[in-house]
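*Asks:* pasting the sequence and the predicted model now:
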Amino acid sequence: MSDFLLYTKVFPFIYIALCLSFATFIVISWKNIKWGVYLVCAFLPAYLIRFKGPLDIPMTALEVMILVLFAVCVLKKQVAIPAKTEIKKNKLLLIGGSLFLFSATVAMFVSPDFRAAAGIWKAYFIEPLIFFIIFISVIEKEDTKNVIKALGFSALYISLYAIAQKFLNVPIPTPWQTEMRATSIFPYPNAVGLFLAPLIPLLIYDLRFKISDLLSKFFLSATIILSILTIVFAKSEGAIVALVASLSIWLFIKLKSRGKIVLSIIGSAAIVAILFLNFFPFPQIKEKLLLNDWSGIVRKTVWSETWEMLQNAPIFGVGLSGHQTAIIPYHNAKWMEIFLYPHNIILNFWAETGILGLIGFIIIIIGFYKQLLSQKSEIGIYLFLSMTILLIHGLVDVPYFKNDLSILFWILIGMAILHPKQKIVD
């Protein structure tokens, strides 16, 4: 019997509430499939609700929602990619996505633990791609604002819970309470930054077109502010650096020629100050940016061991869910634990899906940016910033190999595909 079933024996109302929630979701999705998509976007963290399904297969509430949505789409014959989108026009996305899925499937059989790999394959590759297909089949460009509101709703309750941890003594999971790092509903603090940071540019985009709607303006403004505070309270340094870098990129794009010169001078002065001045706070910033603090040393050690491991498995990698097992012979730093992933987006995909999987991912990213550059839509710059935040943070963390993050990644790509060349004005 699973932990979930044991838990619901003690608190049976939880089981009843979950069943009622699924039933309600089915009814809503059947009546209006777009609302089903919005609900998935609003409750991406529902993967935290885990239980055993038929044949004792591990499942999550988020997974059930996606499968229900897919069944509704099929029954109502609403899955029609070529008729609804321009995906065929972007050969890079098509090629990259196909290679991505093929490599992940091969990696499932390469893995030393087929059962665990099958779970990863299902949760991080199949289900996100199913949701992507649904998304671009039923969502129109006019629905973008509702998608962003739904994502904003998830950002709001995640932020409010983290604020409660910070100021109302709501428990923080071990061992993060000793550092007072807010984790919100997640088991570790970096999950907060990984989820919230890419949403902030989208919320800012929607805010720009809600000037006359005071309620929406308040909701978006409050969510943006609380999300930034939550990232700070979580002490998610990768997310903070990614946000600052994306802000600099946005300013550089928006400023006129003279402004670009001023920004370049300020940026150059900041770099010089960080590298050569030895009074507070420059040495601390330099230490973190050069990864010479404790967290940075751990990451560089993990990268070094992973690189050594990949020299003996450069083509196929070590398979999905294979890193922790395959790294053992190369793990000489006994003073630290073996992590689930290498904490670098390049090494993550290479180790888990092999060199072809990494190439497929890179092709998808190139296709995404190409799509934005060719369309030049108003939302394009904000989608550009969201993906850039994800990639910058991915230099030191794991921004894809997680249920909610993998779906968020494909939502960004779906939104890029949906928007034609003209500007979008609400």
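*Replies:* That came through, no problem. Numbers count the residues shown, from 1 in each chain.

*Asks:* next one: the residue nearest to Asp293 when sequence neighbours are not counted from Asp404, what distance?
*Replies:* Sequence neighbours aside, Glu287 is the residue nearest to Asp293 in space, at 5.0 Å (criterion: C-beta to C-beta, 6 or more residues apart in numbering). Quick note: C-beta positions are derived from backbone N, CA and C, even for glycine. Glu287 sits 31 Å away from Asp404, taking C-beta to C-beta, to the nearest Å as the criterion.

*Asks:* so the two - more neighbours on which side?
*Replies:* Asp404 (20 against 14; other C-beta atoms under 10 Å).

*Asks:* what's the helix or strand for that one?
*Replies:* In this assignment (DSSP states H and E), Asp404 forms part of helix 403-418.

*Asks:* helices or strands next to that helix in the packing?
*Replies:* helix 61-75, helix 127-138, helix 144-167, helix 190-196, helix 345-375, helix 380-393 (3 or more C-beta pairs under 8 Å, 6 or more residues apart in numbering; DSSP states H and E).

*Asks:* in this structure the residue nearest to Asp293 contacts Ile297, no?
*Replies:* No - at 10.2 Å, Glu287 and Ile297 do not qualify as touching, with contact defined as C-beta atoms under 8 Å.

*Asks:* that older thread, roughly how far does the residue nearest to Asp293 sit from Leu418?
*Replies:* 43 Å.

*Asks:* over to the closest residue to Leu48 other than its chain neighbours. Which of the three states is it?
*Replies:* Distance criterion C-beta to C-beta, 6+ apart; nearest residue to Leu48, sequence neighbours excluded, is Ile185 at 6.4 Å. Here Ile185 is recorded as coil under DSSP: H, G, I helix; E, B strand; the rest coil.

*Asks:* let me know the pLDDT of Ile185.
*Replies:* We have a pLDDT of 94 for Ile185.

*Asks:* same question, the one 3 residues further on
*Replies:* Per-residue confidence for Tyr188 comes out at a pLDDT of 93.

*Asks:* OK, contacts around the closest residue to Gly357 other than its chain neighbours?
*Replies:* Of all residues not flanking Gly357 in the chain, Ser103 sits nearest, at 3.3 Å (C-beta to C-beta, 6+ apart). By C-beta atoms under 8 Å, 6 or more residues apart in numbering, the contact set of Ser103 is Thr353, Gly354, Leu356, Gly357, Gly360.

*Asks:* the last one and Gly96 touch, don't they?
*Replies:* Just to be clear, that refers to Gly360. Yes - the pair Gly360 and Gly96 passes the contact test of C-beta under 8 Å, sitting 5.0 Å apart.

*Asks:* state the phi and psi torsions of the closest residue to Glu352 other than its chain neighbours.
*Replies:* Excluding its sequence neighbours, the residue lying closest to Glu352 (C-beta to C-beta, 6+ apart) is Leu320, at 5.4 Å. In terms of degrees, to the nearest 10, the main-chain angles of Leu320 are phi -60, psi 140.

*Asks:* quick one: pLDDT of Leu320?
*Replies:* At Leu320, pLDDT is 95.

*Asks:* confirm for me that it is in contact with Ser111.
*Replies:* Yes - applying C-beta under 8 Å, one finds Leu320 in contact with Ser111, separated by 5.0 Å.

*Asks:* where are the low-confidence patches of this structure?
*Replies:* Confidence mapping of the chain against pLDDT under 70 gives the ranges 1-13, 53-55, 79-88, 210-212, 420-426.

*Asks:* got a list of contacts for stretch 197-213?
*Replies:* 145, 148-149, 151-152, 154-155, 216-217, 220-221, 223-224, 227-228, 231, 236, 239, 242-243, 246, 250, 378-379, 382-383, 385-387, 389-390, 393, 408, 412, 424-426.

*Asks:* flag every buried residue along it.
*Replies:* 197-207, 209-210 (16 or more other C-beta atoms under 10 Å).

*Asks:* of the contacts of stretch 197-213, buried ones?
*Replies:* Of those, these count as buried by 16+ other C-beta under 10 Å: 145, 148-149, 151-152, 154-155, 216, 220, 223-224, 227-228, 231, 236, 239, 242-243, 246, 250, 378-379, 382-383, 385-387, 389-390, 393, 408, 412, 424.

*Asks:* nearest residue to Glu237 in space, ignoring adjacent ones along the chain?
*Replies:* With C-beta to C-beta, 6+ apart, the residue lying closest to Glu237 is Lys288, at 6.3 Å.

*Asks:* residues in contact with the one you found?
*Replies:* Glu237, Ser295, Gly296.

*Asks:* what distance do you get for it to Tyr47?
*Replies:* Using C-beta to C-beta, Lys288 is found at 30 Å from Tyr47.

*Asks:* domain ranges for this structure?
*Replies:* Using automatic domain parsing, the domain ranges for the chain come out as 1-78, 79-418.
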